[in-house]
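Asks: I would like to see how this sequence folds:
(2 chains)
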Amino acid sequence: GAGVSQSPRYKVAKRGQDVALRCDPISGHVSLFWYQQALGQGPEFLTYFQNEAQLDKSGLPSDRFFAERPEGSVSTLKIQRTQQEDSAVYLCASSLAAGATIYEQYFGPGTRLTVT
Amino acid sequence: KQEVTQIPAALSVPEGENLVLNCSFTDSAIYNLQWFRQDPGKGLTSLLLIQSSQREQTSGRLNASLDKSSGRSTLYIAASQPGDSATYLCAVAGANNLFFGTGTRLTVIP
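Replies: As a prediction, this is how the structure comes out:
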């Protein structure tokens, strides 16, 4: 596709529900990143994939958060037993090469998660 | 941990003015620095990327500078237009991720 797409764009979940957020990166991009953006804040790093390998998950806030990219393209971020503090916009980005050191990251429109 | 600060948090200027947005970071061991704009309810659009070995980058009315040793970057916007109204985010690159500031919300008044 022309850019990074994410679905759903909006998700409302009741506390305790599980949610799955999808990211379709730009075709051929090696790197995929997930970020969490709370209201009024800058995005914060969650996890990084190089192809299908999850090389960095240091930003995942708890073991309720899980991400995968099984075939090296589409990625899913799953949050189990959602809590109110999980309410945020979840942004996905992809980049042409490995890591964040060389090429710019292209961001999707985000998924706004509201936990009630 | 890398800390990124952006000043001011909000800025309002009349159309046509030139303006400067500031970004500072605590750890000078960065790979690159990117400036993004974010429109309400939308994702981030990359504006400029400066590699750590570079001093500045230009794109149209935008010019970004990088002084790695002092941990500072500036984004200069010339002849501002109402369409420039957005939140501008600065991000510095580690090996596997970006560290973002909290942004400067810019309003250009017609």
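
Asks: residue ranges with poor pLDDT in chain A?
Replies: For chain A, the stretches flagged by pLDDT under 70 are A:1.

Asks: which residues of chain A lie near chain B?
Replies: Residues of chain A lying close to chain B (CB under 8 Å from any CB of the partner chain) are A:4, A:33, A:35, A:40-45, A:48, A:55-56, A:59, A:91, A:93, A:99-110, A:112. In short, each C-beta sits where N, CA and C put it, glycine included.

Asks: the residue of chain B found nearest chain A bridge partners, please.
Replies: Taking CB to the nearest CB as the measure, chain B has B:Phe100 as its residue closest to chain A, at 3.3 Å. On the basis of DSSP bridges, B:Phe100 is bridged to B:Ala91.

Asks: which helices and strands sit right next to the host helix or strand of B:Thr87?
Replies: Assigned by DSSP states H and E, B:Thr87 falls within strand B:86-93. Judged by 3 or more CB pairs under 8 Å, 6 or more residues apart in numbering or on different chains; DSSP states H and E, the packing partners of strand B:86-93 are strand B:4-7, strand B:19-25, strand B:32-38, strand B:72-77, strand B:98-100, strand B:104-109.

Asks: columns distance to B:Glu56 and mean pLDDT on top of those, output as CSV?
Replies: Below are the helices and strands packed on strand B:86-93 laid out as CSV (distance: least, CB to CB, whole Å; pLDDT from 0 to 100):
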stretch, distance to B:Glu56, mean pLDDT
strand B:4-7, 18, 96
strand B:19-25, 13, 97
strand B:32-38, 11, 96
strand B:72-77, 9, 98
strand B:98-100, 20, 95
strand B:104-109, 19, 98
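
Asks: so which of those is the most packed in?
Replies: Highest mean neighbour count of those: strand B:98-100, a mean of 26 (counted as mean count of other CB atoms under 10 Å in any protein chain shown).

Asks: what is it packed up against?
Replies: Contacts defined by 3+ CB pairs under 8 Å, 6+ apart place strand B:98-100 against strand A:31-37, strand A:44-50, strand B:86-93.

Asks: out of the ones you listed, the one nearest A:Glu85 is which?
Replies: strand A:31-37 (10.5 Å; CB to CB).

Asks: keeping just the C-alphas, turn the closest one into PDB.
Replies: Only the C-alpha atoms of strand A:31-37 are listed here, as PDB (Å, rounded to 0.1, in the frame of the first residue of the first chain):
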ATOM      1  CA  SER A  31      11.600  -2.700  10.600                       C
ATOM      2  CA  LEU A  32       8.300  -2.200  12.400                       C
ATOM      3  CA  PHE A  33       7.800  -0.300  15.600                       C
ATOM      4  CA  TRP A  34       5.000   0.200  18.100                       C
ATOM      5  CA  TYR A  35       4.500   3.300  20.200                       C
ATOM      6  CA  GLN A  36       2.000   4.400  22.800                       C
ATOM      7  CA  GLN A  37       0.900   8.000  22.900                       C
END
